[in-house]
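Colleague: next input, structure requested:
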Amino acid sequence: MDETEYTVDHPARIAAILKDLDHKLTLISVRLTEDGPLFGSALVRLDPTAREIFLDELTPSRAHEHVQTGQALRVFAALRGIAVRFSSTVTRIEQEAQGALYVCPYPESLYYLQRRETFRAHIPMAERPAVELSSQGWSQPVIGELTDLSACGMCIELPTTTLDTLKAGSPTSFSNLLLPEVRERLSGQLQLANRRRSVRDGYESAGFEIVGSDQWLERQINIALLYYQREARRRSME
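Modeller: Numbers count the residues shown, from 1 in each chain. Now for the predicted structure:
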């Protein structure tokens, strides 16, 4: 077992962690096999009495075709910046107006991990919101474009000349981030994690880790992630 991973196997503690994850459609990622691709889903609701979890239909839609009663699901979620992993089995599939729900029993064990295998939304170019960044090395705020988002971090496209003045690990703040279906502009703290080339000349995509995220900020980000997930599902069906 990785040193950054530990196991929770007490039923009451597992129930408490699942309740903490139940933030009204918390986005999750699901694997159907141990080394398979990650698919999008959401924790729709819990039934504490029956100790059942209700998970949203997988996206893209082709993944849903492989789910049937008895299918093992490997679930990855984020809880205040810490990755949570557990496995369960589909006991039945229920149909609702919005699509299928996978009903699974509470897991017998649950794992905390530092690695961030959680749902990440890629944002289409035409929909990318602007985000204002500030850092000690800059004389004034810099405006970048948000290119993808998760509960743990975000990728922002910025000029290479600007990124060259920002060292990895340097504390950076973001503000004036307006996400779809979120009523308030978001702000918080970031830390530069990585850089990669952009399709635009003179720009790079900078991966930032969200630092010191609280439950409220995570919930607002999850609201936007759910929107992006629905839009990705809609586009896949066109």
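Colleague: drop to CA atoms for contacts and neighbour counts, all remaining ones
Modeller: Noted.
Colleague: in stretch 22-41, what's buried?
Modeller: For stretch 22-41, a neighbour-count test (16 or more other Cα atoms under 10 Å) marks 22-23, 25-32, 38-41 as buried.
Colleague: and stretch 202-215, by the same measure?
Modeller: Y203, E204, S205, A206, G207, F208, E209, I210, V211, S213.
Colleague: ok now that stretch, how far from the chain's centre?
Modeller: Centroid separation for stretch 202-215 versus its chain: 13 Å, with Cα atoms, centre = their mean, to the nearest Å.
Colleague: hmm, who's touching the top helix by length along the chain?
Modeller: Ranked by residue count and defined by DSSP state H, the top helix of the chain is helix 215-237. Helix 215-237 has contacts (Cα atoms under 8 Å, 6 or more residues apart in numbering) with 23, 25-27, 40, 59-61, 80, 120-123, 149-151, 179-182, 186.
Colleague: filter the residues you listed to the buried ones?
Modeller: For these, buried by 16+ other Cα under 10 Å: 23, 25-27, 40, 59-60, 80, 120-123, 149-151, 179-180, 182, 186.
Colleague: so which of these sit within helices?
Modeller: Using DSSP H, none of the buried ones among the contacts of helix 215-237 sit in helices.
Colleague: list the ones among the residues you listed that fall in strands.
Modeller: If you go by DSSP state E, the buried ones among the contacts of helix 215-237 have T26, L27, G40, R120, A121, H122, L149, S150, L186 in strands.
Colleague: looking at the residues you listed, which two lie furthest apart in space?
Modeller: Greatest spacing in these, by Cα to Cα: G40 and L186 (23.9 Å).
Colleague: ends of stretch 178-197, what's the gap?
Modeller: Taking Cα to Cα, to the nearest Å, stretch 178-197 runs 25 Å from one end to the other.
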